[in-house]
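Participant: My questions concern the predicted model and sequence given below.
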Amino acid sequence: MLIDIRNLSIFADAPHGEVKVLDRVSLQIAEGELHTLVGESGSGKSLIARAIMGFINPEWRLQADRLWFKGTDLLRLTSKERRSIIGVDIAMIFQDPADYLDPNATVLEQLREAILNQDLNVPFWKRKAARDKYAAQLLIKMGVKNYQQVLRAYPFELSEGVAQKVMIATAIAHRPQLLIADEPTTAMEPRTRDQIYRLLAQLHAQHRMSILLIAQDFSELMKETTHLSTIYAGQIMETGSRDQLLEAPYHPYTDALSYTSLSQPQKLAHKQHLQTLPELEPNLQHMPIGCRLGPRCPYAKRACVQRPEKYVIAKREFYCHYPINLDTKDQAVFESVQYKQVSL
Ligand SMILES: Nc1ncnc2c1ncn2[C@@H]1O[C@H](COP(=O)(O)OP(=O)(O)OP(=O)(O)O)[C@@H](O)[C@H]1O
């Protein structure tokens with residue numbers, strides 16, 4: 001298992017006391033997966049990514065039964081040990097390359113810095129030339145046609161698509177085992193967006209890179225996605241293979257998301273709210289108790305004020321007292337597990 005997160009909660013300071021921005025999130029990513037994490041704006045997707053990378057506000061409280069990368073406990077590493085994993089074995093690309101690229105350095109200078117000696121595999125006197133050659137190769141791999149000109153350019157001279165490709169090139173310079181892509185094409189024009197997604201699909205298929213893709217809907221890379229998770233207001237709702245979740249979602253939220261994403265011809269605009277569920281997502285200051293979807297869920301009953309435990313049926317995990325689409329066999333399994341939980 002590459003990533004193994006169990007019961008991760010993050011508590012943030014707010015004017016009226018502490019709020020739980022992530023509520024006992026569990027997420028596993030195996031080698032070779034292209035795992036897409038889908039949820040509306042503000043649901044906590046980026047916080048999960050930032051918890052893996054160790055970029056959480058130090059004033060926030062983080063609690064987890066497990067936050068592991070390949071069996072290493074990320075919470076117990078010294079900063080030196082963490083640096084040897086983060087940025088090398090795990091890399092992240094962000095929504096806006098401008099937040100990441102140094103405005104005062106050329107693309108070549110930034111790529112040189114991202115390339116480590118161990119990426120080159122040549123004696124030290126050949127490193128300088130090898131580094132520049134590798135920088136050019138990375139841009140060629142990203143599909144940057146005028147790469148020589150781009151190497152000499154500063155970030156402000158690049159189009160947003162090329163800037164994003166440069167950021168991906170710096171992120172994958174060490175051939176990370178896991179690439180986290182946090183809504184990498186937000187606000188890009190459709191042609192550039194398609195190019196970036198094709199590039200990610202290629203990194204996954206040809207270079208066997210595992211990818212955690214963060215998205216607001218199911219419209220991107222669904223053909224290539226192997227596993228899907230849905231998250232709502234800081235709580236994971238359902239996790240399983242892509243086919244399981246798209247063909248017969250057990251969780252009403254996955255169902256609403258797939259209906260919105262897949263049946264509407266136009267893509268949801270950034271920060272736009274889902275139309276299929278009544279009301280808006282809750283404010284962090286006033287989180288519903290139990291299942292946070294409760295007030296918006298058409299199937300909610302009194303039991304939903306208790307947060308559902310995790311149910312695991314046919315390798316799919318979900319948190320719901322009233323799942324939908326279960327066939328007779330899975331319904332029987334669900335009822336027997338539920339019965340055991342109630343009688344405990
Ligand atoms: N620095 C911060 N200070 C206060 N609250 C924050 C901060 N960062 C995130 N939050 C809160 O934590 C919650 C989760 O935020 P997060 O950025 O993870 O959401 P997201 O699902 O990635 O949203 P988006 O798709 O809009 O990026 C949000 O409600 C947000 O308001």
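Facilitator: Looks like it arrived, so ask away.
Participant: got the contact list for the spatially most central residue of the chain?
Facilitator: When CA atoms, centre = their mean is applied to the chain, the residue found nearest the centroid is I214 (3.5 Å). By CB atoms under 8 Å, 6 or more residues apart in numbering, the residues touching I214 are 36-37, 45-46, 49, 180-183. For the C-beta atoms, the positions are set from N, CA and C on the backbone; glycine is no exception.
Participant: which phi and psi does it have?
Facilitator: phi -100, psi 130 (degrees, to the nearest 10).
Participant: Could you give the bridge partners of it?
Facilitator: L37, D182 (DSSP bridges).
Participant: Model confidence for it, exactly?
Facilitator: With respect to pLDDT, I214 scores 96.
Participant: do the same with Q118
Facilitator: 79.
Participant: ok, now how distant is it from Q137?
Facilitator: To Q137, Q118 is 16 Å away according to CB to CB, to the nearest Å.
Participant: For the residue of the stretch 201-344 of the chain found nearest the ligand, list the residues it contacts.
Facilitator: Proximity of the stretch 201-344 of the chain to the ligand (CB to the nearest ligand atom) peaks at L284, 4.9 Å away. Under the criterion of CB under 8 Å, 6+ apart, the neighbours of L284 are 12, 14, 19, 21, 42, 233-234.
Participant: farthest-separated two in the contacts of I214?
Facilitator: Maximum pairwise distance among these (CB to CB): 14.3 Å, between T36 and S46.
Participant: With neighbour numbers in mind, choose between these two.
Facilitator: T36 (25 against 19; other CB atoms under 10 Å).
Participant: Sketch out the low-pLDDT regions of the chain for me.
Facilitator: For the chain, the stretches with pLDDT under 70 are 187, 260-282, 342-344.
Participant: Up against the ligand, what does it have?
Facilitator: 12, 21, 39, 41-47, 57, 183, 216, 284 (CB under 6 Å from any ligand atom).
Participant: So which of the residues you listed sit within strands?
Facilitator: Judged by DSSP state E, strands contain the following of the residues of the chain next to the ligand: 12, 21.
Participant: Which pair of the residues of the chain next to the ligand spans the longest distance?
Facilitator: Spanning the widest gap among these are N57 and Q216, at 22.8 Å by CB to CB.
Participant: okay, the two: which has more neighbours?
Facilitator: A side-by-side neighbour count of N57 and Q216, using other CB under 10 Å, places Q216 first with 24 against 12.
Participant: Dihedrals phi and psi, the more buried one?
Facilitator: Per-residue torsions, Q216: phi -90, psi -10 (degrees, to the nearest 10).
Participant: now the strands: where do they sit in the protein?
Facilitator: With DSSP E, the ranges of strands along the chain come out as 3-14, 17-29, 34-38, 61-63, 66-69, 72-73, 90-93, 178-182, 210-215, 227-232, 235-241, 311-313, 316-318.
Participant: Check which residues of the longest one are buried.
Facilitator: Neighbour-count burial for strand 17-29, with 16 or more other CB atoms under 10 Å as criterion, is recorded at 19-29.
Participant: So what touches it?
Facilitator: 1-12, 35, 37, 44, 47-48, 51, 60-61, 178, 210, 212, 227, 229, 231, 233-236, 239, 284-285, 287, 292, 307, 310, 317.
Participant: In CSV, please show the C-alpha coordinates belonging to stretch 329-336.
Facilitator: Backbone C-alpha positions of stretch 329-336 (Å, rounded to 0.1, in the frame of the first residue of the first chain) are rendered in CSV as follows:
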residue,chain,number,x,y,z
LYS,A,329,-27.0,-10.6,-1.7
ASP,A,330,-25.2,-7.4,-0.6
GLN,A,331,-28.4,-6.1,1.1
ALA,A,332,-28.3,-9.3,3.2
VAL,A,333,-24.6,-8.8,4.0
PHE,A,334,-25.3,-5.2,4.9
GLU,A,335,-28.2,-6.0,7.2
SER,A,336,-26.2,-8.7,9.0
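Participant: what about that stretch, distance to the chain center?
Facilitator: Taking CA atoms, centre = their mean, to the nearest Å, one finds stretch 329-336 lying 31 Å from the centre of the chain it belongs to.
Participant: This protein: helices as residue ranges?
Facilitator: Secondary structure of the chain (DSSP state H): helices at 45-53, 79-85, 107-114, 127-141, 147-152, 160-172, 190-207, 242-247, 252-263, 328-343.
Participant: what would the ones you listed look like in a markdown table with distance to C297?
Facilitator: Output for the helices of the chain, formatted as a markdown table (distance: least, CB to CB, whole Å):
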| stretch | distance to C297 |
| --- | --- |
| helix 45-53 | 20 |
| helix 79-85 | 38 |
| helix 107-114 | 45 |
| helix 127-141 | 45 |
| helix 147-152 | 48 |
| helix 160-172 | 36 |
| helix 190-207 | 31 |
| helix 242-247 | 17 |
| helix 252-263 | 5 |
| helix 328-343 | 17 |
